[in-house]
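Peer 1: sharing a model that was predicted from the sequence below.
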Amino acid sequence: MNAKVNYILVGLFVLALGAAFVAVLLWLSAGGPGKHYDKYVVYMTESVSGLSKDAGVKYRGVDVGRVRDISLDPTNPERVRLLLDIEEGTPIKVDTVATLETQGLTGLASINLSGGSKDALPLRTKNGEQYPVIPSRPSLLGRLDQSVSKLIENLIETSNRLNHLLDHGNQDAVSNTLKHFETISANLAGKMKTVSAAMDDLAATMHNVRRASGELPQLVAQAQEGAVAIKGMARELTAAGAALRKRVDAGGKNIQRFADQTLPQAQAMVEELRLAAENLRRMSEQLQRNPSVLIYGAPKPAPGPGE
């Protein structure tokens, strides 16, 4: 009787030890002590293909939870509602955002959390919400899809505008414009000789102007010298006339008659010489002020009142 009791006790002990061993293995495979999670909600407007329940949730690449539930938003069928279990103590801030990420070629997706600056406030539950809502942003594939779609729309719009621009009426207008350009080009080609001759004449004129400008100081100096010489001659003639008058005054009637006939002529010649000297002086001053007078002549006087 005692031997049978001992066998039963040994069997129970072996079963209990085996059950405890299996429980420890299960506990270790589950990650040790039980973890506490906080629930958060994420709304996404893009497709969540490849994302499944119990998919991982990462915060800057670190595993911090899992996807608890995936469903359509009952208030807006254009959005997908994700319920996340995130470990307590994870710094979910008001500027934290959730992004859908696809892992390589497998097509499996997960949720990655980013943002969350140090000075930002923790994310709290708002009025009317059951759990705190983490904002989302399009994934890389989603942004690429939007960019490609926008690019295709722009290309289609550009193509439509080009088709409208190149309709039959505009094509005829462009054709006529090209014909006009061809005619103008032909006319210009036929007048190239005339244009070339005009350019040669212009070059010769500029050469003459440059040469005249170089000789102008010498001409001005010569004119000034001539004016000085004429003034000297006028002074000498004046002195000679005065001396002659003195002799006339001292002489007789014949000499007086000679003086009455000759002196007026001498005085007239002296006056003409003085006027010539004055004109040369004015000419030299005008050349100094405006050398172009040698080429283009004196400017026309301004019209008087009533002209």
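Peer 2: That came through, no problem.
Peer 1: what is the burial count for residue 162?
Peer 2: Neighbours of residue 162 under the rule other CB atoms under 10 Å: 9. Every residue, glycine included, has its C-beta placed from N, CA and C.
Peer 1: any idea how far it lies from residue 95?
Peer 2: Distance check for residue 162 against residue 95: by CB to CB, to the nearest Å, it reads 45 Å.
Peer 1: again with residue 225
Peer 2: In this structure, residue 225 and residue 95 are 95 Å apart, going by CB to CB.
Peer 1: also residue 208?
Peer 2: When distances are taken as CB to CB, residue 208 and residue 95 turn out to be 82 Å apart.
Peer 1: what does residue 192 give?
Peer 2: Separation of residue 192 from residue 95 (CB to CB): 72 Å.
Peer 1: where exactly do the strands run in the stretch 1-150 of the chain?
Peer 2: Per DSSP state E, counting those that start in this stretch, the stretch 1-150 of the chain carries strands over the ranges 37-44, 56-59, 62-72, 80-87, 96-103, 108-115, 133-134.
Peer 1: check which residues of the first one are buried.
Peer 2: If I follow you right, that is strand 37-44. Buried positions in strand 37-44, judged by neighbour count with 16 or more other CB atoms under 10 Å: 37, 38, 40, 41, 42, 43, 44.
Peer 1: any idea how far residue 46 is from the first one?
Peer 2: Read it as residue 37. Distance, residue 37 to residue 46, using CB to CB: 25 Å.
Peer 1: so where is the stretch 1-150 of the chain shaky, pLDDT-wise?
Peer 2: Counting by pLDDT under 70, the stretch 1-150 of the chain contains low-confidence residues at 1-7, 27-34, 104-106, 142-143, 145-146.
Peer 1: let's see 50
Peer 2: Flagging of the stretch 1-150 of the chain using pLDDT under 50 yields the residue ranges 1.
Peer 1: before we move on, what about the stretch 151-300 of the chain?
Peer 2: Counting by pLDDT under 50, the stretch 151-300 of the chain shows no low-confidence range.
Peer 1: between residue 192 and residue 95, which one's more packed in?
Peer 2: Neighbours were counted for residue 192 and for residue 95 using other CB under 10 Å; residue 95 has more, 13 against 9.
Peer 1: mark out where each domain of the chain begins and ends.
Peer 2: The record's domain split for the chain, according to automatic domain parsing, is 37-140, 208-296.
Peer 1: between the two ends of the first one, how far is it?
Peer 2: The distance separating the two terminal residues of domain 37-140, taken as CA to CA, to the nearest Å, comes to 28 Å.
Peer 1: how about the strands of the stretch 1-150 of the chain in CSV, adding distance to residue 242?
Peer 2: Written out in CSV, the entries for those read as follows (distance: least, CB to CB, whole Å):
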stretch, distance to residue 242
strand 37-44, 124
strand 56-59, 124
strand 62-72, 126
strand 80-87, 128
strand 96-103, 117
strand 108-115, 116
strand 133-134, 123
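Peer 1: what's the closest of those strands to residue 181?
Peer 2: When the strands of the stretch 1-150 of the chain are ranked by proximity to residue 181, the top entry is strand 96-103, at 56.7 Å, counting by CB to CB.
Peer 1: nothing else from me, thank you.
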